[in-house]
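In: Here is my input; please provide its structure:
(one chain, ligands or ions: 1)
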Amino acid sequence: MSTISESVVTITGGTGSFGSTMAKHLLGLGASQVNILSRDEAKQDEMRRAFNDDRVRFFIGDVRDKGSVLPAMQGVDYVFHAAALKQVPSCEFFPGQAVLTNIQGSDNVIQAASESGVRSLVCLSTDKAVYPVNAMGMSKALMEKTAQAYARNYADSRMTVSVTRYGNVMYSRGSVIPVFVKQIQDKKPLTLTEPQMTRFLMSLADSVDLVEHAFSNAKAGDLFVKKAPAATVEVLARAVASLLGVDDPEIRVIGSRHGEKMHETLLSREEIAKASDEGDYFRVPLDARSLQYELYFDEGRTEIGRNEDYTSENTLRLTVEDTKTLLLELPEVRSLLERTV
Ligand SMILES: O=c1ccn([C@@H]2O[C@H](COP(=O)(O)OP(=O)(O)O[C@H]3O[C@H](CO)[C@@H](O)[C@H](O)[C@H]3O)[C@@H](O)[C@H]2O)c(=O)[nH]1
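Out: Predicted coordinates for the structure are as follows:
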């Protein structure tokens with residue numbers, strides 16, 4: 001990402017763990033300024049103190065309000081759009097809020113960036129956007145479509161818009177790994193929704209790599225996925241327990257939650273049919289046919305997917321030992337073990 005050197009970058013939703021990791025990374029690459037756009041002044045204050053670096057600038061704004069996004073786009077070269085409602089239950093209960101932030105808000109960010117002369121914008125999506133069954137995934141799927149529609153409708157734009165899709169980020173706030181850690185520390189049973197449920201496992205560093213890959217390689221409307229292994233919830237729980245010295249943890253099966261899938265999908269078979277394999281990544285190019293409807297209705301493409309979807313069920317599946325090795329790569333797990341030993 002050598003182009004980052006001397007450039008100005010905005011991260012929307014920048015006070016989250018992705019935002020602060022990305023901001024550190026960008027400063028390391030020589031960005032001259034990193035703008036953090038978010039709603040939460042307390043989190044911004046915390047981040048300001050932690051960074052203590054005047055190359056990091058803070059903007060209070062809400063992606064739902066384009067006027068509040070524009071100041072964070074002035075003189076900006078690149079944008080990483082991470083602002084979103086990401087929790088499955090809250091979007092399930094308040095889907096209209098997911099529409100406003102994830103769909104309308106993303107469109108505002110794209111339009112504001114485009115009007116301000118931004119050169120490249122990467123939108124962060126999730127595996128839950130593929131064959132979505134919950135409101136969070138549905139709204140993210142429409143965010144992807146909004147980004148692709150910009151690429152198609154503004155083919156002469158100087159701004160390249162692309163999308164990255166990734167699975168569960170291990171140890172992210174509110175996710176299952178810290179829940180399991182706390183249950184073990186409190187000597188409580190591990191609560192498993194469905195022991196055989198699978199999830200793709202990625203680290204925060206993997207998600208930064210993916211966004212960086214998209215940023216460096218994207219053509220307008222491209223969608224990128226990083227290949228990732230997966231584990232069942234039971235394997236994950238046993239791996240966490242074993243790292244904390246409990247080899248036969250007590251397990252309580254509680255049943256799945258609202259809007260949950262048994263397995264997640266990172267690429268549908270139709271996308272795989274169009275995708276190129278770039279080693280650790282898949283790239284799905286934009287279907288850039290123009291808005292001549294007859295091309296859709298009379299002359300469809302012949303390359304219909306014949307493969308399987310790329311899912312957390314058929315990707316590389318980790319054993320307890322493999323999962324422990326992966327967990328040990330996480331800084332949070334290493335510092336937890338240092339504190340426990
Ligand atoms: O006490 C618990 C809690 C969760 N799970 C299971 O653990 C897996 C992972 O759960 P969790 O970490 O909550 O992740 P997801 O529900 O898969 O969704 C997460 O991952 C998404 C990215 O795909 C984010 O956008 C969401 O905010 C985040 O909750 C799932 O199979 C859950 O059913 C349990 O077995 N026991």
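In: residue boundaries of the helices in the stretch 201-341 of the chain?
Out: 204-217, 233-243, 269-274, 293-297, 320-327, 331-340 (DSSP state H, counting those that start in this stretch).
In: Least reliable of the ones you listed by average pLDDT, please.
Out: Comparing mean pLDDT across these, the weakest is helix 293-297, with a mean of 64.
In: who's in contact with the helix or strand harbouring Leu124?
Out: In this assignment (DSSP states H and E), Leu124 forms part of strand 120-126. For strand 120-126, the external contacting residues (CB atoms under 8 Å, 6 or more residues apart in numbering) are 18, 77-82, 84, 86, 106, 109-110, 113, 136-137, 140-141, 143-144, 147, 159-167, 207, 211, 214-215, 218, 223. Yep, even glycine has a C-beta here, placed from its N, CA and C like the rest.
In: cool, and stretch 131-141?
Out: 84-88, 91-92, 95, 98-99, 101-103, 125-126, 128-130, 258-261, 265, 268, 309.
In: re the thing from before, partner strands of the strand holding Leu124, with direction?
Out: Its sheet considered, strand 120-126 pairs with strand 78-81 (parallel), strand 160-166 (parallel) by DSSP bridges.
In: Of those strands, which is nearest Ala50?
Out: Comparing these against Ala50 with CB to CB, the closest turns out to be strand 78-81 (18.7 Å).
In: just to revisit the earlier point, which entries in the contacts of strand 120-126 are shared with the contacts of the ligand?
Out: Intersecting the contacts of strand 120-126 with the contacts of the ligand gives 86, 167 (criterion: CB under 6 Å from any ligand atom).
In: ok, the nearest residue to Gln183 once chain neighbours are set aside - how many residues close by?
Out: Excluding the flanking residues, the one nearest Gln183 by CB to CB, 6 or more residues apart in numbering is Leu190, at 5.4 Å. By other CB atoms under 10 Å, 22 other residues sit near Leu190.
In: OK, contacts around Leu190?
Out: 180, 183-184, 237, 241, 249-252.
In: Looks like Glu41 contacts Ile60 (just checking).
Out: Yes - assessed by CB atoms under 8 Å, Glu41 is found in contact with Ile60 at 6.0 Å.
In: quick revisit: and the strands paired with strand 120-126, which is most packed in?
Out: Burial of the strands paired with strand 120-126 is given as mean neighbour count (mean count of other CB atoms under 10 Å); strand 78-81 ranks first at a mean of 27.
In: Tell me the gap between that strand and the middle of its chain.
Out: Chain-centre distance of strand 78-81: 13 Å, with CA atoms, centre = their mean, to the nearest Å.
In: I'd like the mean pLDDT over that strand, please.
Out: 98.
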